[in-house]
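Peer 1: just a sequence and a predicted model for now, questions to come.
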Amino acid sequence: MWKEWIKPLVRPLPQWATVAVAAPQRLVTATLHWDGQTADVTADHTVASLYPLVIATSVDGGQRPVLEYRDRATGKRLGSLHLAQTTSITIEQTTLTLYRVASGKHRCLPWPRRSWNAWLQNRQMEKNRPSNHFNMDKAGVQQLMIDYLCPRPVVLVSIAAQGHQNIFPMDLIGPLERSGFFSLALRSTNVSVPVMRDVRRVALSSVPATMKADVYKLSAQHKQALQGWDATSIPVRPSKEFGVPVVAAALRIQELAIVHSQEVGLHTFFLGRIASDEKLADGTQLHHTAGFHQAWRRRQRVPLTEI
């Protein structure tokens, strides 16, 4: 019994929880606050870069807005990010605003466990720095976890071009609702980035949560292209408009025509328009959320299904 009591005192919570959620997630709302104004950006903010941590939105919230996350069912504030405007992008007479994350805090854990858990996590990150593929500083990772209070869907991105085919998982994606754009933030070292810039079309497969193991195996394809579509154990079929191989068992297939790309920090930020959208089946999709969010939900007795 005492071992269970002392465990939280010496061991940090997992940074991330892999969960099954029906998309689009309706568990947490995101609201931008500035100069006495507010805007619901639950479906209108995405990560444009991990390092530095940059948020993109269709809403111009001034120079220093606050992005607030609340549990939809209870209205409880779960966390917030303080933003600083850096630049804007204008495409097709539509302007997007980019914000650097200046600071953040969450309320998913009671004080003082909140600070103690962050210290334990930061110490663990320092020990594992050589294997940290995020290349983020400790404050940035803590702030990213706050952004993931809105559970982020995982998709498989497919690219097909002459001499190059690939499929890999991503969760730095999402709609920028008011502008009509859909964004992807991909590490610039990804082997498919130059091809995506050239062919300007990709297909996104929203995968069932039960496919977690198969999806994670494809993480290696960020560094190397597929030798052929038979190199993966996941059955594929052609997408509706582009004919790009997509996951045959997907819940949803979206084809994206890329209209803009630019480097933001260590990432390439792609913007596109949805060319086709096939909703094929109901079910729970693979998502990522913050470990402290799942801990909060457990205390409320409404935990998400972990997979």
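Peer 2: Structure's in. What do you need? The structure displayed is predicted, hence computed values, not measured ones.
Peer 1: for the rest of this, base every contact and every neighbour count on C-alpha atoms.
Peer 2: Noted.
Peer 1: kindly state the domain boundaries assigned to this protein.
Peer 2: Here the domain parsing of the chain from automatic domain parsing is 2-17+26-150, 152-286.
Peer 1: which one of the ones you listed lies closest to residue 295?
Peer 2: domain 2-17+26-150 (7.4 Å; CA to CA).
Peer 1: chain center to the lengthiest strand in the chain, what's the gap?
Peer 2: Longest strand in the chain by number of residues (criterion: DSSP state E): strand 77-91. With CA atoms, centre = their mean, to the nearest Å as the basis, strand 77-91 stands 15 Å off its chain's centre.
Peer 1: that one: which residues count as buried?
Peer 2: By neighbour count with 16 or more other CA atoms under 10 Å, strand 77-91 contains the buried residues 77, 78, 79, 80, 81, 82, 83, 84, 85.
Peer 1: repeat that for stretch 274-294.
Peer 2: Neighbour counts over stretch 274-294 (16+ other CA under 10 Å) mark 274-277, 283-294 as buried.
Peer 1: show the average pLDDT along that stretch.
Peer 2: Across stretch 274-294, pLDDT averages out at 97.
Peer 1: for the buried residues of stretch 274-294, which one is nearest residue 215?
Peer 2: residue 286 (9.3 Å).
Peer 1: now that closest one. Nearest residue, chain neighbours left out?
Peer 2: Of all residues beyond its chain neighbours, the one nearest residue 286 is residue 209 (4.1 Å), with distances taken as CA to CA, 6 or more residues apart in numbering.
Peer 1: which residues touch that neighbour?
Peer 2: Contact partners of residue 209, counting by CA atoms under 8 Å, 6 or more residues apart in numbering, are 19, 20, 21, 284, 285, 286, 287, 307.
Peer 1: now the helix or strand containing the second one: mean pLDDT?
Peer 2: With elements delineated by DSSP states H and E, residue 20 resides in strand 16-21, which encompasses its position. Averaged over strand 16-21, pLDDT sits at 97.
Peer 1: following it, which helix or strand shows up next?
Peer 2: Next helix or strand after strand 16-21 toward the C-terminus (DSSP H and E): strand 28-34.
Peer 1: now the angle from that following strand to strand 77-91?
Peer 2: Put simply, strand 28-34 runs at 70 degrees to strand 77-91, going by axes from the mean of the first three to the mean of the last three CA atoms, to 10 degrees.
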